[in-house]
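> starting from these lines, generate the structure:
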Amino acid sequence: MAKFCGIIGFAVQSETKPGVWSDEYTEKKFKGDLLKNKRTFNNSDSANGDIKISNIVSIIADPYATQNFQSIRYVKFMGTTWTVTDVEVERPRLLLTLGGVYNG
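Next up is the predicted model:
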């Protein structure tokens, strides 16, 4: 099992001006394990297909991550920022499933 050490991004919406809401990002560093390492290639109608990974990262969650797991948006992994498509809570860990490249 490979080890993981990387940045996880949390997005929390806040009101910047009356009636205007925007995401405020917080990045935190976590350690854990890489449980699954899989890549798929989606051959779509576009000239270049989309790369998607189906990796599962298991992190050791601190109290902030446990309370804000619903706000996890991305993981910086292998030099790219990936979208988190699924979060599963298995205390004291969080299992993060990664999808396509994050464009947020």
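> could you measure from D50 over to I8?
Distance, D50 to I8, using C-beta to C-beta, to the nearest Å: 22 Å. In this view, the C-beta of every residue, glycine as well, is placed from N, C-alpha and C.
> of these two, who's got more company?
I8 (23 against 13; other C-beta atoms under 10 Å).
> partners of that one in the sheet?
K28, V75 (DSSP bridges).
> just the local confidence number for it, please.
Listed pLDDT for I8 reads 98.
> roughly how far apart are the residue in the chain sticking out farthest from the centre and L35?
Computed with C-alpha atoms, centre = their mean, the maximum C-alpha offset from the centroid of the chain is found at P18, amounting to 29.8 Å. For P18, the distance to L35 equals 45 Å [C-beta to C-beta].
> buried residues in stretch 34-42?
L34 (16 or more other C-beta atoms under 10 Å).
> hang on, I meant stretch 87-104
So for stretch 87-104, counting by 16+ other C-beta under 10 Å, buried means 93-99, 102.
> can you redo the residues you listed as a markdown table with secondary structure?
Below are these laid out as a markdown table (DSSP: H, G, I helix; E, B strand; the rest coil):
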| residue | secondary structure |
| --- | --- |
| R93 | strand |
| L94 | strand |
| L95 | strand |
| L96 | strand |
| T97 | strand |
| L98 | strand |
| G99 | strand |
| Y102 | coil |
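> export the residues you listed to a markdown table and tack on pLDDT?
Output for the buried residues of stretch 87-104, formatted as a markdown table (pLDDT from 0 to 100):
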| residue | pLDDT |
| --- | --- |
| R93 | 97 |
| L94 | 98 |
| L95 | 97 |
| L96 | 97 |
| T97 | 95 |
| L98 | 95 |
| G99 | 91 |
| Y102 | 93 |
